[in-house]
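1. mind looking at a prediction? Sequence and model below.
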Amino acid sequence: MMRKLIILLGLMSLINNIYAQYPNNEDGQYEDMLTPEYYNTPNGGAFRLEVNKFVHYARQQPFQHPFKDSSGQIPTYTIHRGFGDGIGPGGTGSHHPALDYYVGNSTQVNIYAAHEGIVAISRDIARYRHYLSVTTDIHDSLGNIIGEMATLYAHIDLDLDSAANLNLDGQYVSKGDLVSMHLYSGTMGGPHLHFEIRYYRTTDAGIEDFYGGNVRGNTSPSSGSWTYGFWNPNTGYGFADPLNQINSESLNVVENNFQNQIAIYPNPTKNILSIEIDGMIENAIIELLNLQGQIIERYEVDINSTVIIDLSNYPSGLYFSRISNGKKYYIAKVFKE
């Protein structure tokens with residue numbers, strides 16, 4: 001009996017160690033808006049560990065900005081309503097689970113799939129009018145499906161897209177494929193793209209509306225960092241802050257805008273990493289990120305600078321250095337032996 005107990009405790013310890021590599025969502029730079037069940041589950045609880053694992057692998061999904069064309073260009077845009085902003089009466093009815101992108105007052109804007117997946121189109125939906133979604137399975141390192149991620153492209157004009165022979169319902173698209181060319185001119189606040197990322201559980205079967213009004217007996221109030229709003233407690237993991245996924249994209253793409261003005265050495269390194277910037281780059285920010293996209297080191301430097309980073313307190317593995325000056329940036333892999 002004692003031997004069985006020891007084996008059981010050993011297995012539990014092993015499982016906890018495996019899940020420990022997936023950080024709590026509250027600890028990230030941009031916290032996602034997750035279902036109340038997540039926040040009401042204590043650290044180490046099964047559901048919290050399940051969500052942490054899912055988010056970890058969802059952020060590894062190849063991803064891009066929805067305005068980024070095949071040449072890497074993104075039109076100038078502004079964000080009028082950010083992720084998590086209060087909406088509804090007095091700004092306390094619910095949180096905005098998306099980003100609203102405005103390209104001036106233009107309605108003719110090319111929109112691209114942020115990731116690969118299957119397209120579904122929806123018309124005459126409350127709060128959205130027309131929207132298009134792209135849904136993909138999320139797999140763990142063993143290839144098991146652990147949930148789904150869907151991006152929503154709302155306030156588009158599907159009628160004008162259809163008239164232009166852009167009909168994608170039910171079709172597979174790759175990351176970067178054109179999915180819409182028109183924003184709806186009659187949207188309140190002016191034409192804009194409502195860009196939303198939803199996280200689904202494997203048990204969700206076509207259920208989309210898991211965040212919304214307070215329906216007695218069917219919803220739970222928001223929890224954790226999110227002070228208002230109501231949820232279906234049995235559906236969905238929640239909403240991703242798009243900045244998490246878009247920042248994850250930068251971990252997979254090396255921008256060579258000013259690569260020749262930067263030296264990173266030695267790489268691989270055992271402990272000490274040097275990043276040298278020449279005199280052509282002013283007001284640079286150097287960041288070191290882990291595989292979860294978390295910034296673990298940050299430095300503000302001037303021209304002709306060399307930053308020495310001590311990695312001795314970090315585990316061996318892959319990291320990313322990101323150097324930017326507000327206009328251009330460069331991403332490079334860093335290996336610690």
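-> Now that the structure is in, tell me what you want to look at.
2. which SS class is Ile303?
-> coil (DSSP: H, G, I helix; E, B strand; the rest coil).
3. could you give the number of residues near it?
-> Ile303 has 12 neighbours, counted by other CB atoms under 10 Å. C-beta: built from backbone N, CA, C; applies to glycine.
4. equivalent analysis for Tyr57, please.
-> Neighbours of Tyr57 using other CB under 10 Å come to 17.
5. is it correct that it is in contact with Asn144?
-> No - in this structure Tyr57 lies outside contact range of Asn144 using CB atoms under 8 Å: 9.8 Å.
6. buried residues in stretch 59-78?
-> Arg59, Gln60, Gln61, Phe63, Gln64, His65, Pro66, Phe67, Lys68, Tyr77 (16 or more other CB atoms under 10 Å).
7. so which strand or helix has Tyr101?
-> Tyr101 is located in strand 98-102, with elements delineated by DSSP states H and E.
8. alpha carbons only: can I get that strand in PDB?
-> Only the C-alpha atoms of strand 98-102 are listed here, as PDB (Å, rounded to 0.1, in the frame of the first residue of the first chain):
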ATOM      1  CA  ALA A  98     -11.100  42.500 -29.300                       C
ATOM      2  CA  LEU A  99      -9.200  45.300 -31.000                       C
ATOM      3  CA  ASP A 100     -11.000  47.800 -33.300                       C
ATOM      4  CA  TYR A 101      -8.700  48.800 -36.200                       C
ATOM      5  CA  TYR A 102      -9.400  52.000 -38.300                       C
END
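9. direction included, what does it pair against?
-> Paired with strand 98-102 in the same sheet, following DSSP bridges, are strand 78-81 (antiparallel), strand 193-200 (antiparallel).
10. centre of the chain versus that strand, how much separation?
-> Here strand 98-102 is found 14 Å from its chain centre; the criterion is CA atoms, centre = their mean, to the nearest Å.
11. wasn't His56 part of a helix?
-> Yes - counting by three-state DSSP, His56 is part of a helix.
12. next, count neighbours for it.
-> 20.
13. next, count neighbours for the closest residue in space to it that isn't next to it in sequence.
-> The shortest distance from His56 to any non-neighbouring residue, by CB to CB, 6 or more residues apart in numbering, is to Tyr22 (4.5 Å). With neighbours defined by other CB under 10 Å, the count for Tyr22 comes to 18.
14. now Met181
-> By other CB under 10 Å, 16 other residues sit near Met181.
15. would you check that it makes contact with Ala164?
-> Yes - assessed by CB under 8 Å, Met181 is found in contact with Ala164 at 6.1 Å.
16. so His130 sits right up against Tyr153, yeah?
-> No - under the criterion of CB under 8 Å, His130 makes no contact with Tyr153, lying 9.3 Å away.
17. return the residues in contact with Glu50.
-> Ile146 (CB atoms under 8 Å, 6 or more residues apart in numbering).
18. so is it in a helix, a strand, or just coil?
-> Under three-state DSSP, Glu50 comes out as helix.
19. before we move on, the earlier item: check the gap between the residue nearest to His56 and Phe54 for me.
-> 9 Å (CB to CB, to the nearest Å).
20. now do the contacts for the closest residue to Leu168 other than its chain neighbours.
-> Spatial nearest neighbour of Leu168, excluding adjacent residues (CB to CB, 6+ apart): Val119 at 4.3 Å. By CB under 8 Å, 6+ apart, the contact set of Val119 is Ala113, Leu132, Ser133, Val134, Leu168, Asp169, Gly170, Gln171, Tyr172, Val173, Val179.
21. so what pairs up with the fourth one in the strands?
-> When you say that, I think you mean Val134. Val119, Thr151.
22. next one: Gln108
-> What pairs with Gln108, by the bridge criterion (DSSP bridges), is His182.
23. what about it, how many neighbours?
-> 11.
24. list the contacts for it?
-> Met181, His182, Leu183.
25. if you skip the residues just before and after it, what's nearest to Ile79?
-> Closest to Ile79 by CB to CB, 6+ apart is Leu99, at 5.5 Å.
26. quick check: that neighbour touching Ile197?
-> No - using CB under 8 Å, Leu99 is not in contact with Ile197; the gap is 9.4 Å.
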